[in-house]
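>>> Can you look at this prediction? I've put the sequence above it.
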Amino acid sequence: MSKTVLVVDDSSTVRQQVSLALKQAGFATLEAADGREAIATIESNRNIDMVVCDVNMPHVNGLEMVERVKAKPDHAKLPILMLTTEGQPSLIRRAREAGAVGWIVKPFDANQLVQAARHLTSRA
Amino acid sequence: MQWLRYLALPREITPFERRYLARLNRVALVFFYLHIPAFMAVAWVAGTGVLLALVLTSLVLAGPTIAYRTLAHHPRAISVVYGITAMLMGGLLVHFGQGPVQIEMHFYFFALLAMLCMFANPMVNIAAAVTVAGHHLVIWLIAPASVFNYEAQWWVVLVHAGFVVLETIATCFISREFFDNVIGLEKIVQARTETIREKQRDMRLILDNVETGLVTVDLQGRLSSECSSVVAGWFGAPADGQPIGAWLAGRDANFAEWLELALGGVSDGMLPPEVALGQLPKQLRDGERTYSFAYSLIEGSAGTPEKILVIVSDITERLRNEAAGRHQADLLQLFQHIMRDKFGFIEFLAEAEEIVKTLRDGNATQLEHVRRLVHTLKGNAAMFGMRRLAETCHELESAIDEEGVAPTSAQLAGLFQAWSQIRGDLANLLGEERPNFIEIDDRDYEAIIQAVLAGVDSTSVVRMIRSWQLEPAGKRLARIEQQVKTLAQRLGKGEVQVQIESHGLRFSNERFAPFWSAFIHVLRNAVDHGIEDGESRVSAGKPPQGTIKVATRVEQGSFVVSVEDDGPGVNWEALRERAGRLGIAPAMLEKRENLVFLPGVSSKDQVTEVSGRGYGMLAVRKACEALGGQVVVRSEQGRGTHIRFVFPKDHAIYEGHAAVLRQAHAAACQN
């Protein structure tokens, strides 16, 4: 069965790009436009194997989202990969402390994203 | 011959060997001297003559003593003498040890033969073996009692000799090994060090001359001090173990912080190494210069990542060349636009200058005013192919929209810089001289001749000639046609039919300039919103190609500029709804035409660089009203939109040669 990745970004263009890259590599994807939507999706969907998440988003931003998701023991092992632009080291540092596994710099390289997704979903 | 080379040591004696032999030779000499009392004691016990033992032993000792005294510079030679001495001492021991244990005294030979290996010189072993063999044979022949305590046969002597030969082969081997691996060690180390040094020198030579910055860090981000000279020149020589972040922080703090963070990502192993490596920062800005950074993982013997090779290149020149190339292309575009429409261009220039001045002097205090100015400048710049200025304006406009406050001086600085660059380029292209000439075409020329020939009154003729100072509407409309076509192409609308009708009018360029520059928004709207895609047009029963008509005419004493498209028409409901959402007072909505001109109201959902922010139309209306004109919008859903700008006709408008011809005709009829 293919692994499911939740793609969280407020830009529909980025969501589309990320999803397309992952789908072409054989992943199933779900999308959410902000942290709030993402948390709701994670709560209602047990099949999510991994989350790819933007940092700057309206309502609940990426950092807060990681903190809230990781606060629940159920999701302790859910890998969350951040998508970020260079130039926000402090945010990334905090996201990592909160439990994000790593990050990919935008504009991202589709191959690297897929490689990371394969690596992270195969560990579970 | 090879075995001879094996037995003879290399000529050179290293300081280490010299020190070793000096000490050993001294100790050995003392050892030999101790034989005197020992042999005297043996002689006394065996009753073989204590005094003889003293004399003979002392005699044998003369050899090593003289050698030790005279051959200080040839320590190996002293050792060889000692080899001979040891065997002669053995002979003496066997001689003075005559009696029941005489045979056991032969142990001395074999023990000493073995001990001579200490000299690490096979020649010492050979010398000893030859001595003992000759000595044994001779003494056995002339004084057998001195050798054996029984009637030993010749083959017993042979057995002794066999032992000596075998042991000597072994001791030669041991001595040589001892020399090669211990005594000669210094030499070996020296040779290896030299090889390494040579390799290092070669490496250094490469590192000193390569133009790429090369340095390694471990996964904790600690630098190695070895690096190519060029990178040490750029960022200072790294200290061994210095964190790479600290090394670069003075150059580009953000880069350094990001790099340290990303190196943490590589070392924690959460992501595949190549992926983690891909997140390391790639460009460092240090003042005027820009460096590109590439990284390559160095794996240890176990295949695990151990270090990272950082490859740095100075790409300042490359970027500069690329920028120059882009600038050159922009310049070419600019030049083409100027050649195509110099009047229009000069007009644009004047207006843009005015806008930039207003922004620079801070005369635009209201946010909306600033936004309108930037928007107008953006549209005009795009029209004349000034991509950089247009992009800068677009970014500024987006920033204003997002933040809802007036742009900071830093934000405006980019715009001013882009503008001053253009001014500089233009000064080169055009020179600062503004052209000052009158343009007339053939029809004007024919008309004036006809008028004069027909006897039209001189006031009219003069008025006509004066009108030549005004801009021919035909020229303006031709420019507009070009602009519409360019726009249609940029917006992917394909070919658009453009019909222009100037009716031979002329008007004051100076007076109408602000109107025409804002007029671009109307054209943009017409192209962007007024032309549907081919399929929708065909299904609506229209020809696949859209048509836009632009005309100037005199109508009931007014000067009218009209734009007409055969597109989908204005969706009044959508506009009304949007305006409502923006909280615009219902009073404003009574007259639905107002909708088109409300700030921030646009029927587009997506903002493109060309249109969609809803400020353009407002700018046109303001420009029109400033000239005492008014705007009439007629639109029919599905059929198209017709916008008319109606201005009072005065001396700034001239009806052109048509009027002159009319007068000429009338005059001709009169005559």
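Thanks, I have it. Numbers count the residues shown, from 1 in each chain, chains lettered A, B, ... in the order given.
>>> Confirm that B:Pro238 sits in a helix.
No: using DSSP: H, G, I helix; E, B strand; the rest coil, the secondary structure at B:Pro238 is coil, not a helix.
>>> Three-state assignment for the nearest residue to it once chain neighbours are set aside, please.
Spatial nearest neighbour of B:Pro238, chain neighbours left out: B:Leu223 (4.1 Å); criterion: CB to CB, 6 or more residues apart in numbering or on different chains. Every C-beta, even on glycine, is put in place using the N, C-alpha and C of the backbone. Counting by three-state DSSP, the backbone at B:Leu223 sits in strand.
>>> Near chain A, which residues of chain B? Just list them.
Neighbours of chain A within chain B, by CB under 8 Å from any CB of the partner chain: B:254, B:257-258, B:261, B:264-265, B:268, B:270-272, B:274-276, B:278-279, B:281.
>>> Apply 10 Å and report the result again.
B:253-262, B:264-266, B:268-272, B:274-283 (CB under 10 Å from any CB of the partner chain).
>>> Show me the shaky parts of chain A.
Judged by pLDDT under 70, chain A has its weakly predicted residues at A:86-87, A:123-124.
>>> got the residues of it near chain B?
A:79, A:81, A:84, A:86-90, A:92-93, A:96, A:100-105, A:108-109, A:111-120, A:123.
>>> Strands - which of the residues you listed land there?
A:Leu81, A:Thr84, A:Gly102, A:Trp103, A:Ile104, A:Val105 (DSSP state E).
>>> The fifth one: neighbouring residues, count only.
Pointing back at A:Ile104 there. Counted by other CB atoms under 10 Å in any protein chain shown, the residues lying close to A:Ile104 total 23.
>>> Would you enumerate the residues in contact with the residue nearest the centre of chain A?
By CA atoms, centre = their mean, the mean C-alpha position of chain A lies nearest to A:Val52, the distance being 1.7 Å. Residues near A:Val52 by CB atoms under 10 Å, 6 or more residues apart in numbering or on different chains: A:5-9, A:14-15, A:18-19, A:21-22, A:27, A:29, A:79-83, A:103-104, A:108, A:113, A:116-117, A:120.
>>> now swap in B:Pro272 and tell me
Counting by CB under 10 Å, 6+ apart, the residues that B:Pro272 touches are A:Gly102, A:Gln112, A:Gln115, A:Ala116, A:Arg118, A:His119, A:Leu120, B:Gly278.
>>> same thing with B:Gln663?
B:Ala447, B:Gln450, B:Ala451, B:Ala454, B:Val456, B:Asp457, B:Ser460, B:Val461, B:Arg463, B:Met464.
>>> helix, strand or coil for the fifth one?
When classified by three-state DSSP, B:Val456 comes out as coil.
>>> Which per-residue confidence value corresponds to it?
pLDDT for B:Val456: 78.
>>> That one and B:Leu661, how far apart?
Between B:Val456 and B:Leu661 the computed distance is 10 Å (CB to CB, to the nearest Å).
>>> Which one's more surrounded, the two?
B:Val456 (23 against 18).
>>> wouldn't B:Ala526 be in contact with B:Pro568 here?
No: with contact defined as CB atoms under 10 Å, B:Ala526 does not count as touching B:Pro568 (11.7 Å).
>>> what is in contact with the two at once?
B:Gly640, B:Thr641.
>>> Looking at these two now, which is surrounded by more residues?
B:Ala526 (27 against 21).
>>> Please name the residues that touch the nearest residue to that one once chain neighbours are set aside.
Distances taken as CB to CB, 6+ apart place B:Asp565 nearest to B:Ala526, at 4.8 Å, with adjacent residues excluded. B:Asp565 makes contacts with B:496, B:523, B:525-527, B:529-531, B:546-550, B:635, B:639-643, as judged by CB under 10 Å, 6+ apart.
>>> if you set the cut-off to 7 Å instead, what comes out?
Contacts for B:Asp565 (CB atoms under 7 Å, 6 or more residues apart in numbering or on different chains) come out as B:Ala526, B:Gly530, B:Ile531, B:Gly546, B:Ile548, B:Gly640, B:Thr641.
>>> For chain A, see how far away B:Ile520 is.
29 Å (CB to the nearest CB, to the nearest Å).
>>> do the same with B:His665
65 Å.
>>> Tell me if I am right that that residue is in a strand.
No: using three-state DSSP, the secondary structure at B:His665 is helix, not a strand.
>>> Near it, how many other residues are there?
Using other CB under 10 Å as the criterion, the residues surrounding B:His665 number 14.
>>> which one is it nearest to, not counting chain neighbours?
Nearest non-adjacent residue to B:His665 (CB to CB, 6+ apart): B:Ala454, at 7.5 Å.
>>> ok, now A:Arg68?
A:Ile39 (5.9 Å).
>>> Tell me where the model's unsure across chain B.
Scanning chain B for pLDDT under 70 picks out the ranges B:341-343, B:402-404, B:429-437, B:439, B:582-615, B:651-652, B:656-660, B:670-671.
>>> please redo it, this time with the cut-off set to 50
Judged by pLDDT under 50, chain B has its weakly predicted residues at B:605-613.
>>> Domain map for it?
Under the assignment automatic domain parsing, the domains of chain B span B:2-188, B:210-316, B:338-430, B:471-651.
>>> if we can go back for a sec, which strand residues bridge the residue nearest to B:Ala526?
As for beta bridges, B:Asp565 partners with B:Ile548, B:Thr641 under DSSP bridges.
>>> try B:Ser558
Applying DSSP bridges, one finds that B:Ser558 bridges with B:Glu555, B:Pro648.
>>> Distance of it relative to B:Tyr82?
Taken as CB to CB, the span from B:Ser558 to B:Tyr82 is 134 Å.
>>> Looking at these two, which one has more neighbours?
B:Tyr82 (28 against 16).
>>> pretty sure that one is touching B:Leu61, no?
No: contact status for B:Tyr82 versus B:Leu61: not in contact, 11.0 Å apart, counting by CB atoms under 7 Å.
>>> Is it possible to mark the buried ones in the residues of chain B next to chain A?
B:255-262, B:264-266, B:270-272, B:275-281 (16 or more other CB atoms under 10 Å in any protein chain shown).
>>> Restricted to helices, list those residues.
B:255-262, B:264-266, B:275-278 (DSSP state H).
>>> Farthest-apart pair in these, please.
Using CB to CB, the two most remote members of these are B:Ala256 and B:Val275, lying 21.7 Å apart.
>>> Could you point out which of the contacts of B:Asp565 is nearest to B:Ala28?
B:Ile531 (113.1 Å).
>>> Now for the closest one: which residues touch it?
Per CB under 7 Å, 6+ apart, neighbours of B:Ile531: B:Lys493, B:Val496, B:Gly546, B:Asp565, B:Gly567.
>>> Now render those as CSV, adding secondary structure and distance to B:Val165.
Below are these laid out as CSV (DSSP: H, G, I helix; E, B strand; the rest coil; distance: CB to CB, whole Å):
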residue, secondary structure, distance to B:Val165
B:Lys493, coil, 109
B:Val496, coil, 114
B:Gly546, coil, 116
B:Asp565, strand, 120
B:Gly567, coil, 118
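>>> What's the local residue count around B:Val484?
With other CB under 10 Å as criterion, B:Val484 counts 24.
>>> do B:Gly134 as well
Neighbours around B:Gly134, by other CB under 10 Å: 11.
>>> Surely it forms part of a helix?
Yes: B:Gly134: assigned to a helix according to three-state DSSP.
>>> ok, it to B:Ile311 distance?
Distance from B:Gly134 to B:Ile311, by CB to CB: 73 Å.
>>> likewise B:Lys542?
Where B:Ile311 is concerned, B:Lys542 sits at a distance of 60 Å (CB to CB).
>>> Look at the two and report which has more neighbours.
B:Lys542 (19 against 16).
>>> OK, contacts around the more buried one?
With CB under 7 Å, 6+ apart, B:Lys542 has these contacts: B:Asp566.
>>> re earlier: out of the contacts of B:Gln663, which sit inside helices?
Those of the contacts of B:Gln663 lying in helices (DSSP H): B:Ala447, B:Gln450, B:Ala451, B:Ser460, B:Val461, B:Arg463, B:Met464.
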